[in-house]
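> I'd like to go over a predicted model; first the sequence, then the structure.
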2 protein chains.
Amino acid sequence: MEQRIDRIKKQLHSQSYKLTPQREATVRVLLEHEDDHLSAEDVYMLVKEKYPEIGLATVYRTLELLTELKVVDKINFGDGVSRYDLRQEGAAHFHHHLVCLECGAVDEIQEDLLGDVEKIVEKRWNFEIKDHRLTFHGICHRCNSK
Amino acid sequence: MEQRIDRIKKQLHSQSYKLTPQREATVRVLLEHEDDHLSAEDVYMLVKEKYPEIGLATVYRTLELLTELKVVDKINFGDGVSRYDLRQEGAAHFHHHLVCLECGAVDEIQEDLLGDVEKIVEKRWNFEIKDHRLTFHGICHRCNSK
DNA sequence: TTGTGTGCAAAGCTTTTGCAGACCT
DNA sequence: AGGTCTGCAAAAGCTTTGCACACAA
């Protein structure tokens, strides 16, 4: 935890940004809810518990900054709000998601399953891939075993 | 064209919806711009050319209806607006997208490249896949050859 | 006449922006 | 002092909703 904060701090400094208390509080919330796909509003509410004076705009600005630095990925499951997902450290690619149509749960697949597909796309469509987004919609194992 | 409209008409009727002139005009615009990933606003402007009295709300309501009927897919490339993409007729799966980070172009891959990946996900994560979204971000062949 | 569909305007949401003040160097 | 950063409130999108009217069965 502390090491990851430290590394993010260095990443900010390297672009001459500061890790202010507000930014640190926001990052901590993201680290503590790594699997949760929080919206900006969600993050705001959680940061507020520990840092009540923070403003929603600051949270948005911080999330935008972290997105730029590729500390988080901004994703969108089609429900009108952006969600923010911490990148695995050193992960070149973006992990995949399983969205359950029944219970709404979002699970993650950290493993990269697209290696072969990407080779095909790069060769056949002559497209230089920088990143990808893969989401499956369906019924999760919990709902299916009911 | 006319056959496709006809089929959509039947699909609407089967759920006791009507193909009103406004809805038909909207569907025609979608058919005429099949490769374009139009936003609701885009569709509205184009429908207006042929049907100036139409209201934006009607376009939204029609697009929502068509999404329910799975005539179109609602997608989101992360720029705050929803875009609407006609499904290939009879396509069980949703096609993939290539978004160019340089020029913003969005190309489509109709071919389903995820067969093997889906088998793995269904088996290993015990997740029953209903649909998927796959988008690659990178540099398109046009920008790369410049 | 009953119900569906429409256009307009208003409202609702999420997200961004302007600005004055705070903080740090 | 000069820069960055923040909180608040206002503004700016996109999308949805309420309502009265039109139209068709």
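In hand now; what should we look at?
> now do the phi/psi pair for the nearest residue to A:H141 once chain neighbours are set aside.
Spatial nearest neighbour of A:H141, excluding adjacent residues (CB to CB, 6 or more residues apart in numbering or on different chains): B:N126 at 3.8 Å. Using the backbone N, CA and C atoms, a C-beta is placed for each residue, glycine as well. Main-chain torsions, B:N126, degrees, to the nearest 10: phi 50, psi 50.
> wait, B:N126 sits on A:N144?
Yes - if you go by CB atoms under 8 Å, B:N126 and A:N144 touch, sitting 6.9 Å apart.
> quick check, central residue of chain A?
What sits nearest the mean C-alpha location of chain A, by CA atoms, centre = their mean, is A:D85, with 1.2 Å.
> name the nearest residue to it, sequence neighbours excluded.
Nearest residue to A:D85, sequence neighbours excluded (CB to CB, 6+ apart): A:D73, at 4.9 Å.
> quick check: next helix or strand after the one helix or strand the one you found maps to?
Per DSSP states H and E, A:D73 falls inside strand A:72-76. The helix or strand immediately downstream of strand A:72-76 is strand A:82-86, counting by DSSP H and E.
> got the contact list for that following strand?
A:30-31, A:34, A:37-40, A:43, A:63, A:66-67, A:71-77, A:95, B:78 (CB atoms under 8 Å, 6 or more residues apart in numbering or on different chains).
> DNA strand C next: which of those residues are close?
Among the contacts of strand A:82-86, the residues lying close to DNA strand C (CB under 7 Å from any atom of the strand) are A:S39, A:A40.
> mind checking which of the contacts of strand A:82-86 are buried?
A:30, A:37-40, A:43, A:63, A:66, A:71-73, A:75-77, A:95 (16 or more other CB atoms under 10 Å in any protein chain shown).
> domain-wise, how is chain A divided?
Chain A breaks down by the TED database into domains covering A:1-90, A:93-145.
> and A:H37, what does it touch?
A:I75, A:F77, A:R83, A:Y84, A:D85, A:V106.
> again, but for A:V72
Contacts for A:V72 were tallied using CB under 8 Å, 6+ apart; they are A:L30, A:L63, A:L66, A:Y84, A:D85, A:L86, A:R87.
> again, 10 Å this time
Listed by CB atoms under 10 Å, 6 or more residues apart in numbering or on different chains, the contact set of A:V72 reads A:27, A:30, A:38, A:43, A:62-66, A:83-87.
> ok, so of these, who is nearest chain B?
Set against chain B, the nearest of the contacts of A:V72 by CB to the nearest CB is A:R83 (11.3 Å).
> how close does the closest one sit to B:K123?
From A:R83 across to B:K123, the span is 27 Å (CB to CB, to the nearest Å).
> the two: who's more crowded?
Ranked by neighbour count (other CB atoms under 10 Å in any protein chain shown), A:R83 and B:K123 place A:R83 first, with 21 against 9.
> partners of that one in the sheet?
Under the criterion DSSP bridges, A:R83 forms beta bridges with A:S39, A:I75.
> what helix or strand is the residue nearest to A:R133 when sequence neighbours are not counted on?
For A:R133, ignoring the flanking residues on the chain, the nearest one in space by CB to CB, 6+ apart is B:T135 at 4.6 Å. Of the helices and strands defined by DSSP H and E, B:T135 is found in strand B:128-139.
> what residues of that strand count as buried?
B:E128, B:I129, B:H132, B:R133, B:L134, B:T135, B:F136, B:H137, B:G138, B:I139.
> which non-adjacent residue is nearest the last one?
Nearest residue to B:I139 in three dimensions, chain neighbours excluded: A:E128, at 4.2 Å (CB to CB, 6+ apart).
> if we can go back for a sec, mean pLDDT and distance to DNA strand D added to the domains of chain A, as a markdown table?
Output for the domains of chain A, formatted as a markdown table (pLDDT from 0 to 100; distance: least, CB to the nearest atom of the strand, whole Å):
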| stretch | mean pLDDT | distance to DNA strand D |
| --- | --- | --- |
| domain A:1-90 | 94 | 3 |
| domain A:93-145 | 92 | 17 |
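> just send those domains back as CSV, with distance to B:Y51 too.
Shown next, in CSV, are these (distance: least, CB to CB, whole Å):
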stretch, distance to B:Y51
domain A:1-90, 28
domain A:93-145, 33
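> all good on my end, thank you.
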